[in-house]
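Engineer: Got a predicted model here, sequence first, then my questions.
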Amino acid sequence: MTPGASLAGPPADIIEQLKAVEKRYPGVDRVMCATPLGTPLDVQLEDLDRFATEVMPAFRPAKVAAAAE
């Protein structure tokens, strides 16, 4: 696996790592979220929900973030 190709850790660490990717590759505007094969569906959904609520807001444009509050 390519170093840095996968991210794991608490939301603050994921945000920091994704911000570094965003800085290095300014045109990147999407990431792919995946879980290991065999991960139970309820765990996958919980992980995606946490990513959506705790990580994604750090990447919203200012107008969208203000409207969401």
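Structural biologist: Received the coordinates, thanks. Since the model is a prediction, treat every value here as computed from it, not as a measurement.
Engineer: quick one: average pLDDT of stretch 20-28?
Structural biologist: For stretch 20-28, the mean per-residue pLDDT is 87.
Engineer: what about that stretch, distance to the chain center?
Structural biologist: Computed by C-alpha atoms, centre = their mean, to the nearest Å, the chain-centroid distance of stretch 20-28 equals 13 Å.
Engineer: Repeat that for stretch 39-48.
Structural biologist: 15 Å.
Engineer: Not counting residues beside it along the chain, what's closest to Asp13?
Structural biologist: Leu7 (7.7 Å; C-beta to C-beta, 6 or more residues apart in numbering). The way it works is simple: take the backbone N, C-alpha and C, and place the C-beta from them, glycine included.
Engineer: what do you get for Glu22?
Structural biologist: Val28 (6.3 Å).
Engineer: Tell me the secondary structure at that neighbour.
Structural biologist: coil (DSSP: H, G, I helix; E, B strand; the rest coil).
Engineer: just to revisit the earlier point, surely the residue nearest to Asp13 is in contact with Glu16?
Structural biologist: No - between Leu7 and Glu16 there is no contact under C-beta atoms under 8 Å: 9.6 Å.
Engineer: And the residue nearest to Glu22, how far from Ala5?
Structural biologist: Counting by C-beta to C-beta, to the nearest Å, the gap from Val28 to Ala5 is 13 Å.
Engineer: what about the two, which has more around it?
Structural biologist: More crowded of Val28 and Ala5, by other C-beta atoms under 10 Å: Val28, with 11 against 6.
Engineer: buried stuff in stretch 41-56?
Structural biologist: Neighbour-count burial for stretch 41-56 flags Val55 (criterion: 16 or more other C-beta atoms under 10 Å).
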